[in-house]
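1. got a sequence here, can you build the structure:
(2 chains)
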Amino acid sequence: MDERHPGGAGARVVTFQRDLDQMLREDGQQIVLRRMVGTANRAAVDCTCWASVRGYQPHELAGAVIQGDSEVVISATDIIAAQWPGGEPITSPPSPTDPRVPRAGDQLVIQGRTRAIVSAAPIYVAGELVRVNIQARG
Amino acid sequence: MAIPGVYTLAALTITTAITAQRQTSITSLEGMSRAVIEAEFAGAGGSTAVALIRSRIGTGGTWREVASIDFSAAGSKSCTLVAGAAAVAAFATLSANSVLAGFLGTELEAVITTTGTWTNGILAVRAHVS
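-> Here you go, the predicted structure:
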């Protein structure tokens, strides 16, 4: 039995999510998560999220992480509430990837500046999407 | 889910013909009494593009057509769906650019059909739900 979460996995998810949401609202900022559709003609699918944005430390600059990149942490709460990215074509079999997780090519608008998502790492607790760590560039 | 809120029912590129392609639904819209639908279509060279909006009550309900938004060229259109009409209305296949008055369930989805081949085609359908 988890002494901190006697309610089991569900309670652990709620606690984790609540703590993350509170931290982002107290110390973070609102950004826009954006998926663009089309090339010459374009449409945006936006979701306003609370986020923590920070530059990488010098010792973290390795591999695909370059100077000027930022690490952005967002909670799944805003994505789930907005049901972002909205309706997508139903495929059979269903896509194995979680459509709620941002992907390379999506964008973030941070303080009015549009930045590209290089990669996004989802974090699940007890099978529930609770957080996404994003590497942003530009 | 958040009511009022803005939800994307569809956002996709249009090239070759699509036949009744369902999009994943927006769910948990309990309390929805009004939905303003906005459809934006861009592209050239094709024939038609139709965004059929459907709603149902609960996940086990039957999808009902509530709006048909039809394009034969680039443009933007909107319609407003309101729950609670006093008259009894029969469910039926909607004609082009028409709505079913009075019915809004707890879920919304878009079903997309296009004909012809569109160059730089996109179709975006959003709903402002309250």
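2. how much space separates the residue nearest the centre of chain B from A:Ala116?
-> Among the residues of chain B, the one closest to the centroid is B:Ile53, at 2.6 Å (CA atoms, centre = their mean). Per CB to CB, to the nearest Å, B:Ile53 is found 33 Å from A:Ala116. From N, CA and C alone the C-beta is placed, and that goes for glycine too.
3. pull the contacting residues for residue 61.
-> Here I'm looking at chain A. Going by CB atoms under 8 Å, 6 or more residues apart in numbering or on different chains, A:Leu61 touches A:Gln67.
4. chain B was what I was after
-> Under the criterion of CB under 8 Å, 6+ apart, the neighbours of B:Gly61 are B:Gly105, B:Thr106, B:Glu107.
5. one more: A:Pro89?
-> B:Leu12, B:Gln21, B:Arg22, B:Gln23, B:Thr24.
6. for chain B, which residues are neighbours of chain A?
-> Chain B comes close to chain A at residues B:1-2, B:5-13, B:21-27, B:40, B:42-43, B:74, B:109-110, B:120-122, B:124-126, as judged by CB under 8 Å from any CB of the partner chain.
7. which of the helices or strands spans A:Phe16?
-> Taking DSSP states H and E as the criterion, A:Phe16 maps to helix A:9-27.
8. what is that helix packed up against?
-> For helix A:9-27, the helices and strands in contact under the criterion 3 or more CB pairs under 8 Å, 6 or more residues apart in numbering or on different chains; DSSP states H and E are strand A:43-55, strand A:70-75, helix A:76-82, strand A:113-125, strand A:128-137.
9. deepest of these, which one?
-> Sort the helices and strands packed on helix A:9-27 by mean neighbour count, taking mean count of other CB atoms under 10 Å in any protein chain shown, and strand A:70-75 sits at the top with a mean of 22.
10. sheet partners, orientation included, of that strand?
-> If you go by DSSP bridges, strand A:70-75 pairs up with strand A:43-55 (antiparallel), strand A:128-137 (antiparallel).
11. export these to TSV and tack on distance to B:Leu81 and mean pLDDT?
-> What follows is these, written out as TSV (distance: least, CB to CB, whole Å; pLDDT from 0 to 100):
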stretch	distance to B:Leu81	mean pLDDT
strand A:43-55	21	97
strand A:128-137	31	96
